[in-house]
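Q: Structure for the following, please:
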Amino acid sequence: MKYLDEYRNGDIAAKIIAEMRRLLTRPWVLMEVCGGQTHSIVKNGLDHLLPEGVELVHGPGCPVCVTPLEMIDKAHAIARSPNVIFCSFGDMLRVPGSDGDLFSIKSLGGDVRIVYSPLDCLKIARANPEKQVVFFAIGFETTAPANAMLAWRAREEQVNNLSLLVSHVLVPPALEAILSASGNRVQGFLGPGHVCAVMGYSEYDPISARHHAPIVITGFEPIDILEGTLMTIRQLEEGRATVENQYSRILNRQGNLPAQQLIDKVFEVGDRKWRGIGSIPMSGYHLRDEFFRHDAEKLFDVAEIATLEPEVCISGQILRGIRKPHDCPAFGTLCTPQHPLGATMVSAEGACAAYYAYGRHLSPQGADKLHQIVPGPVPDDVSVKPREEREYSHASR
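A: This next block holds a predicted model:
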């Protein structure tokens, strides 16, 4: 299948890895930003295929994982309220708060509903005018346009029994926080492909220049990730630090301008807390004042909720690329996808959940469970053509 088979091709992967070996003169630590990239890496064993000296660490790009525990508890408090229909995407229903999850609230009689689009909430609100319908609007910039459209239409169509509990976070401030932190190990990034499809990637230029760190916007298939890794290594070895676009078959520098305009009309940027990391200045979206009638935090008395994370959990260090899931004493024992303790296990996109799903809790590296797209050793005498001449370049435009 076009755009799938060539991005899972073992021969192409072998050539890319051989080119990495040819270029490499010293160790490098790279971070993939997106949770989807992390899962592709672990599922396909890509980190085990890389040359010795190239380390991939896992970033904060799982939206469910970084939704703070305080916000989860606010959602649960609202969902328990009388005359409330609480709507969410399915991946939030099993995320534990301080006292249970949305599934348990539903089992006790709460009206909790899974929706497949934010706009489904408009139909629910119109059909239940006597109820308050609340949508849990979480995610990165990727989901912001659809959530902004819900708020916009609720105001324009005067659906006044519909509100949003907003917990949107932004990727660029998180990368800035990681690079600025003491003890940072990250020297380059595989940037967020889906986020940049909406927002473009020009806002990463000053971050790359300020910290002299390459940022390569990267896709999600195995060849995408290997090529993005190669492009990042090439910059590091040449002493360059710019923003490049590996995922050019999907996105461009400007992004989706109509989507950005809608976001700007509905949301404003402010401080936001990230689970496992803490508060990052100007790192999240909040509803503008003109949408106050649709702001669940203002409509419900849930402003101050104090929470505590489990002390044993090291998810904050994992999200900053300092440690790996198998470094955690609770990983695979006290903390599992069925009973998650911390941010990176609560969602299927989290790094700990990925390690667990693909067997890396069974041994220190879980190598016996890896599915490798390149069988056997990679020949040392294979080189990769320049980007414009590669046989897979037709799929990268």
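
Q: which stretches of this structure form strands?
A: 28-34, 54-61, 84-88, 111-114, 132-139, 162-169, 188-192, 215-218, 243-245, 267-274, 278-287 (DSSP state E).

Q: Just name the most buried of the ones you listed.
A: Highest mean neighbour count of these: strand 188-192, a mean of 29 (counted as mean count of other CB atoms under 10 Å). Every residue, glycine included, has its C-beta placed from N, CA and C.

Q: tell me the mean pLDDT for it?
A: The average pLDDT for strand 188-192 rounds to 98.

Q: Now find how far off-centre that strand is within its chain.
A: 12 Å (CA atoms, centre = their mean, to the nearest Å).

Q: show me what contacts A209?
A: Listed by CB atoms under 8 Å, 6 or more residues apart in numbering, the contact set of A209 reads A241.

Q: Make 716 the first number, not 1, from now on.
A: Will do, 716 is the new start, and the previous item becomes A924.

Q: and it, how far is that from L894?
A: The gap separating A924 from L894 is 12 Å, by CB to CB, to the nearest Å.

Q: circling back to that earlier point, do you know which of the strands of the chain lies nearest D788?
A: strand 877-884 (11.3 Å; CB to CB).

Q: Next, the angle strand 847-854 makes with that closest one.
A: With axes from the mean of the first three to the mean of the last three CA atoms, to 10 degrees as the basis, strand 877-884 and strand 847-854 are set at 20 degrees to each other.

Q: between strand 877-884 and strand 982-989, how big is the angle?
A: Going by the same axes, to 10 degrees, strand 877-884 makes 60 degrees with strand 982-989.

Q: Output strand 877-884 as PDB - backbone C-alpha positions only.
A: What follows is strand 877-884 as a C-alpha-only set of coordinates in PDB (Å, rounded to 0.1, in the frame of the first residue of the first chain):
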ATOM      1  CA  LEU A 877     -22.800  23.300  26.900                       C
ATOM      2  CA  SER A 878     -19.300  24.000  28.400                       C
ATOM      3  CA  LEU A 879     -15.700  22.800  28.000                       C
ATOM      4  CA  LEU A 880     -13.300  21.800  30.700                       C
ATOM      5  CA  VAL A 881     -10.100  22.800  28.900                       C
ATOM      6  CA  SER A 882      -6.600  21.300  29.500                       C
ATOM      7  CA  HIS A 883      -4.700  22.100  26.300                       C
ATOM      8  CA  VAL A 884      -0.900  22.200  26.300                       C
END
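
Q: Report all helices and strands that it contacts.
A: helix 784-794, helix 835-842, strand 847-854, helix 859-871, strand 982-989, strand 993-1002, helix 1011-1014 (3 or more CB pairs under 8 Å, 6 or more residues apart in numbering; DSSP states H and E).

Q: now those in JSON lines, with mean pLDDT?
A: Putting the helices and strands packed on strand 877-884 into JSON lines (pLDDT from 0 to 100) gives the following:
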{"stretch": "helix 784-794", "mean pLDDT": "94"}
{"stretch": "helix 835-842", "mean pLDDT": "98"}
{"stretch": "strand 847-854", "mean pLDDT": "97"}
{"stretch": "helix 859-871", "mean pLDDT": "98"}
{"stretch": "strand 982-989", "mean pLDDT": "96"}
{"stretch": "strand 993-1002", "mean pLDDT": "96"}
{"stretch": "helix 1011-1014", "mean pLDDT": "94"}
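
Q: Redo the ones you listed as CSV? Include distance to V910.
A: Output for these, formatted as CSV (distance: least, CB to CB, whole Å):
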stretch, distance to V910
helix 784-794, 20
helix 835-842, 23
strand 847-854, 10
helix 859-871, 10
strand 982-989, 15
strand 993-1002, 13
helix 1011-1014, 24
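
Q: So which elements touch the lowest-mean-pLDDT helix or strand in the chain?
A: Least confident helix or strand of the chain, by mean pLDDT, DSSP states H and E, is helix 1058-1061 with a mean of 86. If contacts are counted by 3+ CB pairs under 8 Å, 6+ apart, helix 1058-1061 sits against helix 778-781, helix 1030-1034, helix 1066-1072.

Q: V1027: which of the helices and strands packed on strand 877-884 is closest?
A: Closest to V1027 of the helices and strands packed on strand 877-884 is helix 784-794 (CB to CB; 15.0 Å).

Q: distance between the closest one and the chain's centre?
A: 21 Å.

Q: between it and strand 847-854, how many degrees?
A: Going by the same axes, to 10 degrees, helix 784-794 makes 160 degrees with strand 847-854.

Q: pull the CA atoms of helix 784-794 into PDB?
A: Extracted in PDB, the C-alpha atoms of helix 784-794 (Å, rounded to 0.1, in the frame of the first residue of the first chain):
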ATOM      1  CA  LEU A 784      -3.900  15.100  38.200                       C
ATOM      2  CA  GLU A 785      -5.700  18.200  39.500                       C
ATOM      3  CA  MET A 786      -7.500  18.500  36.200                       C
ATOM      4  CA  ILE A 787      -8.500  14.800  36.200                       C
ATOM      5  CA  ASP A 788      -9.900  15.300  39.700                       C
ATOM      6  CA  LYS A 789     -11.800  18.400  38.500                       C
ATOM      7  CA  ALA A 790     -13.300  16.400  35.700                       C
ATOM      8  CA  HIS A 791     -14.400  13.700  38.200                       C
ATOM      9  CA  ALA A 792     -15.900  16.200  40.500                       C
ATOM     10  CA  ILE A 793     -18.000  17.700  37.700                       C
ATOM     11  CA  ALA A 794     -19.000  14.200  36.400                       C
END
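
Q: what residues go with each domain of the chain?
A: In the assignment given by automatic domain parsing, the structural domains of the chain cover 720-765+887-960, 780-885+970-1014.

Q: Now render the ones you listed as JSON lines, adding distance to I1037.
A: Formatted as JSON lines, those follow (distance: least, CB to CB, whole Å):
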{"stretch": "domain 720-765+887-960", "distance to I1037": "6"}
{"stretch": "domain 780-885+970-1014", "distance to I1037": "11"}
